[in-house]
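Visitor: Following is a predicted model, sequence given first.
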Amino acid sequence: MDTRVCRHCLLRDMEGEEKEMIARYKEAIKPDTRVSETVYESRLKICTECDRLVGGTCQACGCYVELRALGIGTRCPKKKW
């Protein structure tokens, strides 16, 4: 069976270790350094519509978008948010 990479998918939408890893890292980020849930989901929506997203990873910078989008001081490398 061929393994396919999901373009425009977030790791939280996939099965496997990556999904669990993202959840653990997200929980470890201090609440006072996170954006609101509304801002977070808005950023992720923009990321899922970006051609640079491949399998939960930003091909412009190499980050896991679900972690970058969570931080107050973080920015999209393509300046989309």
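Guide: Good, I have the coordinates.
Visitor: hey, let's count contacts and neighbours off CA atoms from now on
Guide: Will do.
Visitor: The chain: helices as residue ranges?
Guide: Here the chain has its helices, by DSSP state H, at 17-28, 37-48, 65-68.
Visitor: how far is the last one from where the chain is centred?
Guide: The gap between where helix 65-68 is centred and where its chain is centred comes out at 3 Å by Cα atoms, centre = their mean, to the nearest Å.
Visitor: Provide the contact partners of it at residue level.
Guide: The contact list for helix 65-68, computed with Cα atoms under 8 Å, 6 or more residues apart in numbering, reads 10-11, 22, 25-26, 44, 47, 56-58, 74-76.
Visitor: Which of those residues ranks first by neighbour count?
Guide: Neighbour counts for the contacts of helix 65-68, by other Cα atoms under 10 Å, peak at Gly56, which reaches 28 neighbours.
Visitor: rewinding a little: want to throw the contacts of helix 65-68 into a markdown table with pLDDT and distance to Val65?
Guide: Formatted as a markdown table, the contacts of helix 65-68 follow (pLDDT from 0 to 100; distance: Cα to Cα, whole Å):
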| residue | pLDDT | distance to Val65 |
| --- | --- | --- |
| Leu10 | 90 | 8 |
| Leu11 | 88 | 9 |
| Ile22 | 88 | 10 |
| Tyr25 | 92 | 12 |
| Lys26 | 91 | 11 |
| Leu44 | 97 | 7 |
| Cys47 | 96 | 7 |
| Gly56 | 92 | 6 |
| Thr57 | 94 | 6 |
| Cys58 | 96 | 6 |
| Thr74 | 96 | 11 |
| Arg75 | 96 | 10 |
| Cys76 | 97 | 9 |
